[in-house]
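J.: Here is a sequence together with a model predicted from it:
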Amino acid sequence: MCYNQNLISSREMPMKYMFRVVILSLLFSTSYLNASDSMDLHEALELLKSQNLEIKNAQYDIESAIQERKAASGNHWGKLDLIQDFARSNDAGNVFGFKLSSREANFGDFGFSEFLNPLGQAIGGAAGGTPPSDMSGLLSVEPRDLNYPETRNYFQSKLKYELPIFTGFKISSYEDIMQSVTKIRTLEKTQMLNEKVYETRKSFYDMALLEDSISNLNVILKNIDTLEAMTKEMIDVGYAKKVDLLEVVAKKGNVERLISQMESNKELLYHYLSFLLNQKVTSIKTPSLEIMMPTVTNDEILQNNLDIQKANSGLALKKSMVDVAESSYYPMVGAFAEVATADDKFLNDASDHKSYTIGARATLNIFNGGIDGANVEKSRVEYLKTQTQVALAKSGIELQTQKIRTEIQSLNKDIESLKKELLLADEIYNNYEARYREKLSSMSDVIIKQSEQIQKILQLQQTLNKRNERIFALEKLANGEEK
C-alpha cells in the first residue's frame, strides 16, 4: 500500500521538480565519471604541450625574436617621418629664417626703409648741383626692422624619407644574426619541451614502480598478519613466546611505515604532475614497469641533439657578427628626400609655400685609431672560440651517450640478478615460516628472512627506477620522446 502511495505521489509531482531531479542526477553521474577517469601518459603529454607555463614562456621568447628579426629587416626600406614644427619667436635670426622658409621675405626685412631715405636725399642733391657728401655713414646704420622684428608664429609641415643604399652589408648581417637568434630560441623551446616530457614520463614510471612496490609490500603485510595470527595461536597452546609476537608486531609496523612513505611519495608525484600540467591531477593510468631500450644509433643522436644544433646556430651567429664588424671598412651611402610647407598660420597657402630637397650622402671612415680593426679581430676570435665549443659539444655528447649505454647495460644485469634473488628470498621466507610452524627455527630467523625479502623488493625498485631514468636521458639526448 505504501509503495502505491509513493508511486502516486511521484506521478503527481510537479514537472519543475522532476526536471530538477533529472538535472541533478545527470550532474552527479557526470562528476562521478570525471572523478573516476584516470589520465594516461599520452593524454598527459598532450596537456603538457598546451598547458605547461614554462613552455608557453619559451614560445613568447620565439615570438619576440621573430619581431626583432622583422625589425632588422625593416631597415632595408628606410624610414618616412612626418615632422610638424610649432614655434613663436622674436629672435632676429629666427624671424628672418621663418620668413625665408615660408617664401615671404622682402627688402623691408633688411631695413631698407632706413637706408633708402638718406640715400635718396643724397642722390637728389647731386642732381641739383650740390656737391656729393660723404655717404660712408650709411653703412653703419643699424636697420631696426631687421634687428628688432615683430614676434612671428611659425608652422612647418615636413615629410622626410631616408633610405640606406649601401651599408657595407651591415643590415643583412643583422638580419642573419636575428635569424640565428630565432632558431636558437626555437631550439630552446624544443629543449624545454623535451625536458618536461622527460620529467612527465619519469613521473608516470616512478608512479608505476611505487604502486608495484606497495602491492608487493601489501602481500608481505598480509603474510605478517597470517604470521601474527599463527603466533598468537601458538602462544595460546604454549608453543611460542610473547617475544615472538612482539617481533612480528615490530616488523608489521616497519612494513606499514614503508607503505606509508610510498603513499606519501605518490601524493608528491601527483602534486608535481599537477604543476607540470598546470591543472589538478588525482589519478593516472600507470604504464608497464620496464621500458624498451631505444634503437637510436650514436650517429643519429649526434645529428639530432639539440645542444649541438644550438652550438651550430651560435656559430652562424658569431660569423654574422664578424660581417657586422667588417662593415666598418666599407663606405656608407644613403639618400633622402623631403617636401615641406611653412607659414605663420597652420597649413596656410601650403601650395604657394611648399619646397623640396633631395640628396645623397656617402661616408667613409679613414682613420679612427684602429678601433675597427680591433673589433674585427675580436669578432674573429669569438668565432674561433665558438668553433671549438661546437667540437667540444659533439665530443661531450658522444661521451655522455656511451656512458649512458654502459650504465643501462649494467643496470639490465642488476635487474636480472635482483629478480632471481627476490624469487629466492620469497622461497627462503616461505621455508622459514613453515619451519617456524614446526618449531625448527625461531621467530628471529623468520623476521630476518622477511627483512631480506623486503630489501630485495626495494633494491629492485631502485634499480628499475635508475634504468628508466637512464633510458629517458638517452632519448632526451636523441631529441625525441620515444625512439
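T.: The structure has been received and is ready for your questions.
J.: Going by C-alpha atoms from here, please, whenever you check contacts or count neighbours.
T.: Fine.
J.: which SS state does residue 163 fall under?
T.: Of the three states, residue 163 takes strand according to DSSP: H, G, I helix; E, B strand; the rest coil.
J.: which residues does it contact?
T.: 76-79, 334-336 (CA atoms under 8 Å, 6 or more residues apart in numbering).
J.: Which of these sits closest to residue 392?
T.: Lowest distance from residue 392 to those (CA to CA) belongs to residue 76, with 37.5 Å.
J.: Return a selection command, for use in PyMOL, containing the buried ones of the contacts of residue 163.
T.: Buried members of the contacts of residue 163, defined by 16 or more other CA atoms under 10 Å, are picked up in PyMOL with:
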select buried, resi 334+335+336
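J.: Regarding residue 305, what are the backbone dihedral angles?
T.: phi -60, psi 130 (degrees, to the nearest 10).
J.: Offset the numbering so it begins at 7, please.
T.: New numbering, starting at 7: the last item is residue 311.
J.: Could you check how many residues crowd around it?
T.: Residue 311 is flanked by 21 other residues according to other CA atoms under 10 Å.
J.: pretty sure residue 439 is touching residue 450, no?
T.: No - between residue 439 and residue 450 there is no contact under CA atoms under 8 Å: 10.8 Å.
J.: what about those two, which has more around it?
T.: residue 439 (23 against 14).
J.: Pull out the buried residues from the host helix or strand of residue 475.
T.: According to DSSP states H and E, residue 475 maps onto helix 449-483. By 16+ other CA under 10 Å, the buried positions in helix 449-483 come out as 449, 452-453, 455-460, 462-483.
J.: and the most centrally placed residue in the chain, which of the three is it?
T.: Nearest residue to the geometric centre of the chain (CA atoms, centre = their mean): residue 64, 1.8 Å. Using three-state DSSP, the structure places residue 64 in helix.
J.: Chain neighbours aside, what residue packs nearest to it?
T.: Of all residues not flanking residue 64 in the chain, residue 195 sits nearest, at 5.1 Å (CA to CA, 6 or more residues apart in numbering).
J.: now that neighbour: how far from residue 65?
T.: 7 Å (CA to CA, to the nearest Å).
J.: of the two, who's got more company?
T.: Set side by side, residue 195 and residue 65 show more neighbours around residue 195, with 21 against 17, by other CA under 10 Å.
J.: give me every residue that touches that one.
T.: By CA under 8 Å, 6+ apart, the contact set of residue 195 is 61, 64-65, 68.
J.: Which strand or helix spans it?
T.: helix 176-242.
J.: one step back: against residue 71, how distant is the residue nearest to the centre of the chain?
T.: Taken as CA to CA, the span from residue 64 to residue 71 is 11 Å.
J.: which residues are common contacts for the two?
T.: Shared contacts of residue 64 and residue 71 (CA under 8 Å, 6+ apart): residue 191.
J.: which other helices and strands contact the helix or strand encompassing residue 346?
T.: Element membership of residue 346 [criterion: DSSP H and E] is strand 338-349. Strand 338-349 is packed against helix 98-107, strand 158-172, strand 360-369, with contacts defined by 3 or more CA pairs under 8 Å, 6 or more residues apart in numbering; DSSP states H and E.
J.: switch the cut-off to 7 Å
T.: The contact analysis (3 or more CA pairs under 7 Å, 6 or more residues apart in numbering; DSSP states H and E) places strand 338-349 against strand 158-172, strand 360-369.
J.: Pairing partners for that strand, with directions?
T.: Strand 338-349 has the following sheet partners, assigned by DSSP bridges: strand 158-172 (antiparallel), strand 360-369 (antiparallel).
J.: Need the CA coordinates for it. PDB is fine.
T.: Coordinates of each C-alpha in strand 338-349 appear next as PDB, following Å, rounded to 0.1, in the frame of the first residue of the first chain:
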ATOM      1  CA  MET A 338      78.000  54.100 -46.100                       C
ATOM      2  CA  VAL A 339      75.700  55.500 -48.800                       C
ATOM      3  CA  GLY A 340      72.300  56.900 -48.200                       C
ATOM      4  CA  ALA A 341      69.700  59.000 -49.900                       C
ATOM      5  CA  PHE A 342      67.000  61.300 -48.700                       C
ATOM      6  CA  ALA A 343      64.100  63.400 -50.000                       C
ATOM      7  CA  GLU A 344      61.800  65.800 -48.200                       C
ATOM      8  CA  VAL A 345      58.900  68.100 -49.000                       C
ATOM      9  CA  ALA A 346      57.700  70.900 -46.700                       C
ATOM     10  CA  THR A 347      55.500  73.900 -46.400                       C
ATOM     11  CA  ALA A 348      55.700  76.700 -43.800                       C
ATOM     12  CA  ASP A 349      53.700  79.800 -42.800                       C
END
